[in-house]
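# next input, structure requested:
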Amino acid sequence: MSAAGLMALAAGAAAVAGAWELLAAVERARAWAWIDAALRALRRAHGEGRPPTAPERRRLAALATGCLLGAGWIVGGAALALPAAVAGPALAAAVVRAGRRRYRARLAAGAAGAARALAASLAAGRSVRSAVAEAAAGLEGPVAHELRHAAAALAAGEPTDAALEALRRRAASPPWDALISGVLLQRDAGGDLAALLRDLAASLDAAERSERDALAATAQARFTAWLVAGLPALAAGLAELASPGFVAGLAGDPLSAALAVPALVLQAVALGAIRLIGRSALA
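Numbers count the residues shown, from 1 in each chain. Model prediction:
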């Protein structure tokens with residue numbers, strides 16, 4: 001083969017390799033963009049309390065299904081991969097709900113700070129509409145986000161009652177119900193709204209301290225209950241790691257499967273009872 005032929009062959013090989021690398025880079029970028037779009041719904045649920053849209057729910061469900069399928073295949077083969085993949089959509093929805101619950105919990109915990117910030121602005125001579133925007137600028141986290149949302153609605157010309165009622169519905173918690181109701185009632189009936197908000201902030205702080213004390217008093221008992229309830233699953237996971245195929249063997253044995261089903265039902269009942277007991281202790 002001549003030198004020109006060798007150079008043409010090398011050029012062709014380089015072109016194919018370059019095209020392959022370009023295609024791989026584009027596909028990686030598109031895959032990463034898809035994963036980022038799926039995870040963006042989780043970030044919004046945690047940072048803004050927003051529910052995902054229908055396309056976002058489908059992407060999250062697909063991502064969770066793929067991850068559980070791969071993890072189940074590595075741990076227990078097809079016998080564990082398929083049931084784990086089926087749980088993907090439910091797991092994605094549960095993670096989104098947990099993120100929104102944490103957001104609302106942080107929002108409820110910040111109601112006292114919002115009341116104090118609004119009281120300071122009102123005491124300085126601001127109106128309720130101006131106090132919302134000024135309070136949002138001095139706070140952070142979910143409280144600041146929701147107050148900025150309400151301030152933007154007020155700046156766009158929305159009535160005060162409608163903007164504050166929308167804020168109350170988004171917060172969906174007793175502290176914010178009391179705060180918004182107090183602002184609207186006192187604004188219509190008259191009186192010292194700043195003093196009312198300061199008293200409300202003190203009451204909310206006292207209630208939060210009582211809840212923290214209850215959590216601290218029941219923390220050890222709740223941890224022990226969850227630990228005991230989770231020991232069978234932990235033992236099954238360790239046995240599968242030590243002897244791959246252990247779980248599949250149990251599932252394939254009719255007697256083991258018959259005993260495992262009521263055991264799982266009892267475990268679910270125990271976990272539900274632990275949650276109910278924990279909630280009743282905090283009530």
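# what about the stretch 1-150 of the chain, any weak spots by pLDDT?
Where the stretch 1-150 of the chain drops to pLDDT under 70, the residues are 1-32, 34, 75-76.
# ranges for the helices of it?
Using DSSP state H, counting those that start in this stretch, the helices of the stretch 1-150 of the chain run over residues 3-47, 54-76, 78-86, 88-109, 111-123, 128-137, 142-155.
# residue 184 against residue 159, yeah?
No - applying CB atoms under 8 Å, one finds residue 184 not in contact with residue 159, separated by 11.1 Å. Where you see a C-beta, it was placed from the backbone N, CA and C, and this is true even at glycine.
# higher neighbour count, the two?
Ranked by neighbour count (other CB atoms under 10 Å), residue 184 and residue 159 place residue 184 first, with 16 against 11.
# check which residues of the strand or helix carrying the more buried one are buried.
Assigned by DSSP states H and E, residue 184 falls within helix 174-189. Neighbour-count burial for helix 174-189 flags 175, 176, 178, 179, 180, 182, 183, 184, 186, 187 (criterion: 16 or more other CB atoms under 10 Å).
# by contact count, what packs against it?
Packing partners of helix 174-189 (3 or more CB pairs under 8 Å, 6 or more residues apart in numbering; DSSP states H and E): helix 88-109, helix 111-123, helix 160-171, helix 193-242.
# just those helices: most buried one?
Most buried of these, by mean neighbour count (mean count of other CB atoms under 10 Å): helix 111-123, with a mean of 23.
# circling back to that earlier point, and the helices and strands packed on helix 174-189 as TSV, adding distance to residue 153?
TSV is the format used below for the helices and strands packed on helix 174-189 (distance: least, CB to CB, whole Å):
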stretch	distance to residue 153
helix 88-109	17
helix 111-123	16
helix 160-171	4
helix 193-242	20
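# ok, which of those comes nearest residue 64?
With CB to CB as the measure, helix 88-109 is the member of the helices and strands packed on helix 174-189 nearest residue 64 (3.9 Å).
# before we move on, the earlier item: next, the angle from the helix holding residue 184 to helix 160-171.
Using axes from the mean of the first three to the mean of the last three CA atoms, to 10 degrees, the direction of helix 174-189 lies 170 degrees away from that of helix 160-171.
# do me a favour and average the pLDDT over helix 174-189.
Averaged over helix 174-189, pLDDT sits at 84.
# need the residues that contact it.
Residues from elsewhere that reach helix 174-189, judged by CB atoms under 8 Å, 6 or more residues apart in numbering: 107-108, 111-112, 114-115, 118, 128, 160-161, 164-165, 167-168, 171, 193, 196-197, 200, 204, 207.
# chain center to it: distance?
28 Å (CA atoms, centre = their mean, to the nearest Å).
# show me the shaky parts of the stretch 151-283 of the chain.
278-283.
# how many neighbours does the closest residue to residue 38 other than its chain neighbours have?
Counting by CB to CB, 6 or more residues apart in numbering, residue 59 is the residue found nearest to residue 38 once chain neighbours are left out, at 3.9 Å. Residues lying near residue 59 (other CB under 10 Å) number 20.
# got it, and residue 44?
As a measure of burial, residue 44 has 19 neighbours, counting by other CB under 10 Å.
# for it, which residues are in contact?
When contacts are counted by CB under 8 Å, 6+ apart, residue 44 is found next to 50, 52.
# gap between it and residue 59?
The gap separating residue 44 from residue 59 is 13 Å, by CB to CB, to the nearest Å.
# spatially central residue for this protein, please.
residue 99 (1.1 Å; CA atoms, centre = their mean).
# separation between it and residue 65?
Using CB to CB, residue 99 is found at 19 Å from residue 65.
# could you measure residue 274 against residue 105, distance?
19 Å.
# ugh, typo on my part, it should be residue 184
Distance, residue 184 to residue 105, by CB to CB: 24 Å.
# again with residue 238
33 Å.
# and what of residue 66?
Distance, residue 66 to residue 105, by CB to CB: 30 Å.
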